[in-house]
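**Q** Kindly return the folded structure for what I paste below:
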Amino acid sequence: MFATIVCAIGRGSRQRMLQLVETARAQLAPNGSLHLIHAVEGLPLSAAPDDWAVDVMAAAESRLSEALRSTNTPALIRVRAGNPSQVIIAIAKEIAADLVVITSHRDDVLDRVFGSVVDHVVQRAPCSVLVLRTTR
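**A** Residues are numbered from 1 along each chain as shown. Now for the predicted structure:
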């Protein structure tokens, strides 16, 4: 059991998101804290985001809130602009996470050349990482 868990939610299906939340919740110690995080790529990283960026971030937060309500899972939601692997690692460090729960996806050519988000998180996370594998 882990006291502080980061559950990294990507752009996958709702079913996959719910599976990630349930997996993270099963690893959570009583009175532990669960943090659902989502990184939004392609947004300006300025201190004063424009209306479009605010809307995109709010939509992501709303999607995560809805998933939590449907599973009756208490968690903190964090949506940030930036590179997903960097956001996941930064938040894990900020909150002194004991575990990161993340899902893999089917490899594509870019993953083979540059490495995937999962690869980067596994190599650089300050804690254990649980990778939920994609079925092929």
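
**Q** For the protein, just list every one of the helices.
**A** 14-27, 51-71, 84-94, 109-114, 117-124 (DSSP state H).

**Q** Now do the buried residues in the last one.
**A** So that's helix 117-124. By neighbour count on 16 or more other Cβ atoms under 10 Å, the buried set for helix 117-124 is Val117, Val118, His120, Val121, Val122. Bear in mind the C-beta positions are built from the backbone N, C-alpha and C, glycine included.

**Q** Select the longest strand from the chain.
**A** strand 28-40 (DSSP state E).

**Q** And that strand, what does it pack against?
**A** Helices and strands touching strand 28-40, by 3 or more Cβ pairs under 8 Å, 6 or more residues apart in numbering; DSSP states H and E, are strand 2-8, helix 14-27, helix 51-71, strand 76-81, helix 84-94.

**Q** of the ones you listed, which approaches Cys127 most closely?
**A** For Cys127, the closest of the helices and strands packed on strand 28-40 is helix 84-94, at 6.0 Å, according to Cβ to Cβ.

**Q** one step back: what pairs with the longest strand of the chain, parallel or antiparallel?
**A** Paired with strand 28-40 in the same sheet, following DSSP bridges, are strand 2-8 (parallel), strand 76-81 (parallel).

**Q** what's in contact with stretch 76-91?
**A** 6, 8, 10, 33-41, 43-45, 49, 53, 57, 60-61, 64-65, 68, 97, 100, 102, 117, 120-121, 124-126 (Cβ atoms under 8 Å, 6 or more residues apart in numbering).
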